[in-house]
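Participant: Have a look at this prediction, sequence included:
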Amino acid sequence: MISRRDFIKYAGIGGIAALSHISPLGFTERVFSEDVREFKLNASITSVNVGTGKSFSAWAYNGQLPGPEIRVKEGDTLRAVLKNYLPEGTTVHWHGLPVPNKMDGVPGITQSIVQPGQSFIYEFKATLPGTYIYHTHASYQLDRGLYGALIIEPKREERSYDREYTLMLEGWATMDGGAPEASKMGRINPGGMMGMGMMRRQPTAGEPLHEPLYDAYGINGKVFGASVPFRVTKGDRVRLRIINASSATTFTLRIAGHSLRITHTDGRPIIPFEVDSLRIGVTERYDVELHANNPGRWHIYNLRDGSPASGWPLGTILYEGIESRNYNDDNLKGLRLNDYNLLEGAHESYLKPVGKVEKVFVMTLSGGMMASPYWTINGKVYPYTDNIDIRDGERIRFEYFNRSMMHHPMHLHGHFFEVVGSGRRTGGRIKKDTLIIPAHMGRGAVEFIADNPGVWFHHCHNLYHMEAGMANLVRIR
Ligand code: C2O
Ligand code: CU
């Protein structure tokens, strides 16, 4: 429900109240003054065809999949007017950005859900530059398509690039009519392996859903073959902002014929590190630099595990002047892959180092057994998981133990954390907001300063694990 105060705020903005009568399409952005940037996000049902020939019904912002890219400058005030044309309540969450708690978009925790036909205005200062993703935080809606890129450009850019592209990696269940409805058919995708599927008993009413069988993967709303190639010119320094916008798929991205120089993870700078392929979990972001020094027509692959290694094409990099329709051959042997422990954080003035921690919380992640559709933290299912109560300013460590057969991209709202184990050579740890905890007894630890008061969601970002219980609340006061 929109509160009275929000309604007054809404009605008080000249001309905006009339929005309720326009279609979900129309303008996306208005600039009010130099540093207030207003964006319109109209959530509605949209029929999409990602290039497989089969249309299915998606839920999307402004009739686009992915939603419009929101791009502002550090220090700007970002105002987003969400208008709900959907048949269910919805919200918007600004993933990774430490916004004030009541702007965080978690229904029932930081705000009331925005009911069909109603509006809500998000407004906050864009303080930390970087590559982010905004998305709905209501039930399974993320997997229906309610997401987009959020980019905060720094006041002063340290590197210059000839070109820049945003790549949102996505997976769709087109054969079964779109996620999450597709999960109800019982055909699932264990472990996120592409091209394989198995049948499972259909969930009974009230039971959490299993991730569906995703049969199509692509970039920026299109599968390979339907997408426009990313064009480069020989000699270009290209920045790619790579965002995993899927709900349950970890990608291993390979740009054939090229190495990638990672400059940022989850928006935070690192000491540049070169890889040949990039593992990226749900909602993780990597900014990479590609040096266009190998002319041709090249695949962008998602690598499949197993031997021989093989790639599933997601898109194309095309050099100017290349006429041939043939793709250049790639060598998939001996590729260097990213690993948190190999990365080192670069100096930045935005976040201070955590230093000596004062409290440690240990969390065992498990679930996913055939007999039970639930996923747990310390044996409990949200909302019955234990709250993590801490004081404003405390220095905290989370230690994770994964006793399940799947990995879990764990995400904390409202804060960046340092990744324990990274930064071995310089002592500069990397900072992130989402961390993959590997399967089969995998471990991970993060540290952060609890300097953003409020009640924050903390959860596995595999949507089907989150909705099946792998979440808890971090209460800072
Ligand atoms: Cu990407 Cu709880 O959020
Ligand atoms: Cu998980």
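Facilitator: Thanks, I have it. Residues are numbered from 1 along each chain as shown. Ligands and ions are numbered 1, 2, ... in the order given.
Participant: List the buried residues of stretch 408-428.
Facilitator: For stretch 408-428, the neighbour count (16 or more other C-beta atoms under 10 Å) marks 408-423, 428 as buried. Any C-beta I mention is one placed from the backbone N, CA and C, and that applies to glycine too.
Participant: now, which of the residues you listed lie within strands?
Facilitator: His408, Pro409, Met410, His411, Leu412, Phe417, Glu418, Val419 (DSSP state E).
Participant: All the strands of the stretch 301-450 of the chain, residue numbers only.
Facilitator: 310-319, 359-367, 375-377, 388-390, 395-402, 408-412, 417-419, 431-432, 434-437, 443-449 (DSSP state E, counting those that start in this stretch).
Participant: closest point of the stretch 101-250 of the chain to ligand 2, which residue?
Facilitator: Minimum separation of the stretch 101-250 of the chain from ligand 2 (C-beta to the ion) falls at Ala248, amounting to 8.6 Å.
Participant: Quick check, that residue in contact with Met466.
Facilitator: No - with contact defined as C-beta atoms under 8 Å, Ala248 and Met466 do not form a contacting pair (10.0 Å).
Participant: Which one of the two is surrounded by more residues?
Facilitator: Met466 (25 against 22; other C-beta atoms under 10 Å).
Participant: For Glu164, which non-adjacent residue is spatially closest?
Facilitator: Nearest residue to Glu164, sequence neighbours excluded (C-beta to C-beta, 6 or more residues apart in numbering): Arg239, at 4.4 Å.
Participant: Surely the one you found is in a strand?
Facilitator: Yes - if the criterion is DSSP: H, G, I helix; E, B strand; the rest coil, then Arg239 is within a strand.
Participant: And whatever residue of the stretch 251-400 of the chain ends up closest to ligand 2, how close does it get to Ala138?
Facilitator: Residue nearest to ligand 2 within the stretch 251-400 of the chain: Trp375 (6.0 Å; C-beta to the ion). Distance, Trp375 to Ala138, by C-beta to C-beta, to the nearest Å: 19 Å.
Participant: Neighbour count: these two, which is higher?
Facilitator: Trp375 (27 against 24).
Participant: check contacts around the more buried one.
Facilitator: Leu365, Ser366, Gly367, Gly368, Val381, Ser404, Cys460, His465, Ala468, Gly469, Met470 (C-beta atoms under 8 Å, 6 or more residues apart in numbering).
Participant: What's the PyMOL line that selects buried ones from those?
Facilitator: PyMOL command restricting those to the buried ones, with burial defined by 16+ other C-beta under 10 Å:
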select buried, resi 365+366+367+368+381+404+460+465+468+469+470
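Participant: Need the max-distance pair from the contacts of Trp375.
Facilitator: Val381 and Ser404 (13.6 Å; C-beta to C-beta).
Participant: State the distance from the nearest residue to Asp176 once chain neighbours are set aside to Glu123.
Facilitator: Leaving aside its chain neighbours, Asp176 sits nearest to Ala182 (3.4 Å; criterion: C-beta to C-beta, 6+ apart). For Ala182, the distance to Glu123 equals 36 Å [C-beta to C-beta].
Participant: Is Arg159 within a helix or a strand, and which one?
Facilitator: According to DSSP states H and E, Arg159 maps onto no helix or strand at all.
Participant: Let the chain start at 148 from now.
Facilitator: I'll keep to 148 as the first residue from here, and by that count the last item is Arg306.
Participant: who in this protein is up against ligand 2?
Facilitator: Applying C-beta under 5 Å from the ion, one finds that the chain approaches ligand 2 through His555, Cys607, Asn609, His612.
Participant: run the last query once more with 8 Å
Facilitator: Taking C-beta under 8 Å from the ion as the criterion, the chain approaches ligand 2 at residues 512, 522, 551, 553-557, 607-609, 611-613, 617.
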